[in-house]
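Participant: sequence and predicted structure are below.
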Amino acid sequence: IQNTAQQPALTFLQDDYNVVVVDWSAGAREFNYLQSVANTRVVGSHVAQLLIVLKRLLDIDLHTVHIIGHSLGAHAAGYAGEHVDGIGRITGLDPAGPAFEGTDQAVRLDPDDAIFVDVIHTDAEHILSGGFGIKQPVGAVDFYPNGGKDQPGCPTTYFAQIKWLFSGNFQLINNFICSHMRVLEFFTESINSACQFKASLCPHIDATSWMQCQDCQNGACAKMGFHVDPTSKPGSYFLLTNPSSPYCY
C-alpha cells in the first residue's frame with residue numbers, strides 16, 4: 001500500500017464508478033444460436049444474484065446501478081432486471097432480433113425491467129436481409145439512428161459485402177455485422193463527446209415516415225447515449241450520424 005498523498009490526483013471525466021464486466025463469450029458463441037438465446041436467462045440470473053449479494057453485504061443503492069448490454073447481452077440485462085426490483089437503468093445496445101422479435105415482454109428486454117430503459121437500434125433489418133437487431137421498441141425510449149438500420153459507412157447489402165471482399169477487404173464477418181456493432185461506437189462516443197446526439201421524437205420509424213422526423217416536434221427531443229435524460233418523453237426517436245468517427249452529426 002503506497003502513500004496516496006504521493007500519488008497524482010485522479011481525474012474522472014464523468015464520475016467515479018465501479019465497473020463490472022461480465023464475460024460470457026463461451027455461452028454466447030454456441031454453434032446453436034437458440035442455445036445462446038437460452039443462455040441469456042442464465043447470465044441474467046447470475047448478474048441478479050451478484051446485485052443481491054452486493055445489496056446485502058455492502059448495502060448498495062440499486063437505483064444507482066446501470067446495466068449495459070449489447071445484442072444478446074441486452075436481453076440478459078432484461079432478465080437481471082426481472083429478478084431484481086429497483087435497478088436504476090438498463091441500456092440495450094441493438095438488442096438481438098432473431099428469436100426475440102414479436103415475443104412477449106417476459107422473454108425479452110422491456111420497459112419494466114428497470115426504472116429507466118433506453119435502447120439504441122442500429123441493425124433492425126430482418127435476419128434474411130442480414131440484420132441482427134430487433135426492430136420493435138423495447139424500451140421507455142428507443143433511438144433509431146439513421147432509421148435504425150444500414151448505418152452510413154457500412155456495406156448495406158450482400159452484394160456490397162461481396163464487393164468489399166473482392167476488393168481486398170477480407171474482414172467479411174466484420175463487414176457483415178458492421179451496423180450491429182456500430183452501436184458500440186455510438187455509445188462510447190456519447191460518453192465524453194462535447195457533441196450531443198440530439199434526436200427527435202418520431203411516431204413511426206420506417207422507410208416512408210422517418211424522413212419527416214428530422215426536426216424536434218413540439219420540443220420533444222432527447223440525447224441518445226450515456227447522457228440521455230430519464231425524464232425524456234417515452235417513444236421512438238430519430239437522428240442522423242456521420243459515416244465515420246466522430247459520429248455525432
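Facilitator: Here it is on my side, so go on.
Participant: and the residue nearest the centre of the chain, what does it touch?
Facilitator: The chain has Leu93 as the residue nearest its centroid, 1.1 Å off, counting by CA atoms, centre = their mean. Going by CB atoms under 8 Å, 6 or more residues apart in numbering, Leu93 touches Ile68, Gly69, His70, Ser71, Gly73, Ala74, Val119, Ile120, Val183, Leu184, Phe187. Where C-beta positions appear, they are placed from N, C-alpha and C, glycine not excepted.
Participant: narrow those to those in strands?
Facilitator: Ile68, Gly69, His70, Val119, Ile120 (DSSP state E).
Participant: test my guess that the second one contacts Ala77.
Facilitator: Spelled out, it's Gly69. Yes - the pair Gly69 / Ala77 is scored as a contact, 3.7 Å apart, by CB atoms under 8 Å.
Participant: close enough to count as contact, Gln14 and Ser190?
Facilitator: No - counting by CB under 8 Å, Gln14 sits too far from Ser190 to count as a contact (10.9 Å).
Participant: which neighbours do these two have in common?
Facilitator: With CB under 8 Å, 6+ apart, Gln14 and Ser190 have common neighbours Phe226.
Participant: the more surrounded of those two?
Facilitator: When neighbours are counted by other CB atoms under 10 Å, Ser190 comes out ahead of the other of Gln14 and Ser190, with 20 against 9.
Participant: please report how far the more buried one lies from Ile68.
Facilitator: 12 Å (CB to CB, to the nearest Å).
Participant: please apply the same query to Leu51.
Facilitator: 14 Å.
Participant: what's the local residue count around Pro137?
Facilitator: Neighbourhood size, Pro137 [other CB under 10 Å]: 18.
Participant: which one's more surrounded, Leu51 and Ile68?
Facilitator: Leu51 (21 against 17).
Participant: surely the more buried one touches Leu62?
Facilitator: Yes - at 6.7 Å, Leu51 counts as touching Leu62 under the criterion of CB under 8 Å.
Participant: okay, and the common contacts of those two?
Facilitator: Common neighbours of Leu51 and Leu62 are listed as Val84, Ile87 (criterion: CB under 8 Å, 6+ apart).
Participant: okay, now the unreliable bits of the chain?
Facilitator: Counting by pLDDT under 70, the chain contains low-confidence residues at 1-12, 128-130, 156-175, 206-212, 214-215, 217-219.
Participant: residue ranges for the helices of it, please.
Facilitator: Assigned helices in the chain, in chain order: 25-28, 33-58, 72-83, 158-166, 172-176, 178-192 (criterion: DSSP state H).
Participant: what packs against the longest one?
Facilitator: Taking 3 or more CB pairs under 8 Å, 6 or more residues apart in numbering; DSSP states H and E as the contact definition, the neighbouring helices and strands of helix 33-58 are helix 25-28, helix 72-83.
Participant: distance between stretch 116-134 and the chain's centre?
Facilitator: Remark: stretch 116-134 is offset 10 Å from the chain centroid, using CA atoms, centre = their mean, to the nearest Å.
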